[in-house]
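A.B. asks: pasting the sequence and the predicted coordinates here, then a few questions.
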Amino acid sequence: MTSKILLYYKFQPVADPDAVRLWQRDLCEGLGLKGRIIVSKDGINGTVGGDIRACKTYAKKTREYFKDMEFKWSDGSADDFPKLSVKARDEIVAFGAPGELKVDEHGVVGGGEHLTPQQVNELVAEKPDAVFFDGRNAREAEIGRFKGAVVPDVETTHDFIKELDSGKYDWMKDKPVISYCTGGIRCEVLSSLMINRGFQEVYQIDGGIVRYGEQFGNSGLWEGSLYVFDDRMHTEFGAENDPDYVQLGHCVHCGEATNQFYNCANEPECRRQYLSCETCRETNPYCGQCA
Ligand SMILES: [Zn+2]
Ligand SMILES: [Zn+2]
């Protein structure tokens, strides 16, 4: 029996998020899928895993309501998730701005212009003053980012509004800005928040870093590793020992190059993830910032 994981999101108006939550929960339970789904008045965002036939049925049924939604298929199974969690929330990505986002049947209203990975390269070649703007938290960017990217000082997605309102990035307001994030969903929202705040030429990348990396590996404008939200904590686009790969991260203890994050051993008091080389991790499994 082959299993798969589905990753997906869609922005569209949902009249009754709680009814959709119940329908999605029943659908997943009936198919034996596990994972995490969030529904809001603006759409759906989910990751579910299970038997491949169950995944196919899920995708077909879910598309009856979320028309033309794209599903990204990847390797994995229901066992990659502790349980099934289906929630109705104010936002499908928690920026803390549920009243600001405008969504219609075509998606987010007033968001950044979508670029394919190829168009990203063309834009940067055409407009040398274009700026990459990292839509993730600052820690993720420590091990990988677009060349010359501006990395905002954020710990969680909630911090973006405060950062944008601080004036720190006003110098970018009349420049072409390419916002990017892991799979593209955060920039659907972030790019619209930027445009609302006077950024005049904002772009986003279709499929995010993941799609860009699949197409260009380490030979494009991306440098380093991609932070991922599972036990691996990072992934690379090129082959092992790819000469074009650039190691950006450094061990917090000795400064040696590394792209490996660890959870501080001082759990649960300290919840930091920090970069460490293997040698230091063995002798000092702490982040260095807690007692
Ligand atoms: Zn070290
Ligand atoms: Zn710590």
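C.D. replies: Noted; the coordinates are in hand. Numbers count the residues shown, from 1 in each chain. Ligands and ions are numbered 1, 2, ... in the order given.
A.B. asks: what parts of this protein come near ligand 1?
C.D. replies: Counting by Cβ under 5 Å from the ion, the residues of the chain close to ligand 1 are 251, 253-254, 256, 277, 280. Yep, even glycine has a C-beta here, placed from its N, CA and C like the rest.
A.B. asks: pLDDT added to those, as a markdown table?
C.D. replies: Listed next are those as a markdown table, based on pLDDT from 0 to 100:
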| residue | pLDDT |
| --- | --- |
| 251 | 97 |
| 253 | 96 |
| 254 | 96 |
| 256 | 95 |
| 277 | 96 |
| 280 | 97 |
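A.B. asks: from these, pick the one nearest ligand 2.
C.D. replies: For the residues of the chain next to ligand 1, the minimum distance to ligand 2 (Cβ to the ion) is 12.2 Å, reached by residue 253.
A.B. asks: would you mind measuring from that closest one to residue 246?
C.D. replies: Per Cβ to Cβ, to the nearest Å, residue 253 is found 22 Å from residue 246.
A.B. asks: looking only at neighbour counts, state which of the two leads.
C.D. replies: Between residue 253 and residue 246, residue 253 has the larger neighbour count (other Cβ atoms under 10 Å), namely 18 against 13.
A.B. asks: would you agree the more buried one is in contact with residue 284?
C.D. replies: Yes: counting by Cβ atoms under 8 Å, residue 253 touches residue 284, with 5.9 Å between them.
A.B. asks: so where's the stretch 151-291 of the chain uncertain?
C.D. replies: 291 (pLDDT under 70).
A.B. asks: got the contact list for residue 66?
C.D. replies: By Cβ atoms under 8 Å, 6 or more residues apart in numbering, the contact set of residue 66 is 10, 12, 43-44.
A.B. asks: for residue 202, that is, sorry about that
C.D. replies: 112-113, 177, 179, 191, 194-195.
A.B. asks: over to residue 200?
C.D. replies: Residue 200 touches 173-174, counting by Cβ under 8 Å, 6+ apart.
A.B. asks: also the one 5 residues further on?
C.D. replies: Contacts for residue 205 were tallied using Cβ under 8 Å, 6+ apart; they are 114-117, 120, 178-180, 184, 187, 211-212.
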